[in-house]
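Undergrad: let me see the structure of the following:
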Amino acid sequence: MLLLNYIEELKLITIRMATEADLPDIVQMLADDELGAVREVIQLPLSQAYLDAFAKIKDDPNQFLAIGEMDGVPVATLQVSIIPTLARSGALRGQIEGVRVARSHRGYGLGHAVFEWAIDYCRQRGCELVQLTSDKSREDAHRFYENLGFVPSHTGFKLVITQ
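TA: Now for the predicted structure:
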């Protein structure tokens with residue numbers, strides 16, 4: 001399903017819903033940084049955990065796993081979650097996670113294009129605000145988000161629980 005095309009630096013990026021066939025490329029992009037390298041498992045075939053997670057995302061109408069392509073090659077990914085809340089008088093929130101641009105395509109404005117798409121998608125879904133979290137060590141990403149207009153307004157907390 002073609003959603004939107006953006007032109008950045010005279011290159012066309014097409015953003016669409018990811019399919020199971022895109023999973024190896026998505027996992028590779030997620031793993032292609034210092035934090036992702038220790039969090040992700042790159043092996044083919046992909047583990048059942050990745051396939052199960054993808055099935056849950058695909059079946060949830062409040063989830064959109066996006067893939068950005070240039071000339072048919074996956075070069076970016078992110079996930080948008082639409083979160084209904086009682087806070088803010090029952091506002092919807094858009095949560096952006098897992099943002100990555102392939103190393104070979106960084107520096108061309110694709111990150112801005114992908115975020116423009118994600119923010120517009122959230123707006124179209126009726127969200128009042130868009131939020132994201134970012135690891136404290138990702139200082140370059142923080143500058144990027146602030147340049148997009150995001151404000152570091154909260155402190156996030158996580159608790160890892162394993163079964």
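
Undergrad: name the helix or strand for residue 75, please.
TA: Of the helices and strands defined by DSSP states H and E, residue 75 is found in strand 73-84.

Undergrad: can you list the strands that that strand pairs with?
TA: In the sheet containing strand 73-84, its partner strands are strand 63-70 (antiparallel), strand 92-101 (antiparallel), by DSSP bridges.

Undergrad: most packed of those strands?
TA: The highest mean neighbour count among the strands paired with strand 73-84, using mean count of other CB atoms under 10 Å, belongs to strand 63-70: a mean of 21. C-betas here are computed from N, CA, C, even on glycine.

Undergrad: what ranges do the helices span in the protein?
TA: Secondary structure of the chain (DSSP state H): helices at 23-31, 34-39, 48-59, 87-90, 110-124, 139-147.

Undergrad: pull out the buried positions in the last one.
TA: Judged by neighbour count (16 or more other CB atoms under 10 Å), helix 139-147 contains these buried residues: 144-145.

Undergrad: I'd like to check the angle between it and strand 92-101, please.
TA: Our comparison of helix 139-147 with strand 92-101, counting by axes from the mean of the first three to the mean of the last three CA atoms, to 10 degrees, yields an angle of 130 degrees.

Undergrad: same thing with the fifth one?
TA: Here helix 110-124 runs at an angle of 160 degrees relative to strand 92-101 (the same axes, to 10 degrees).
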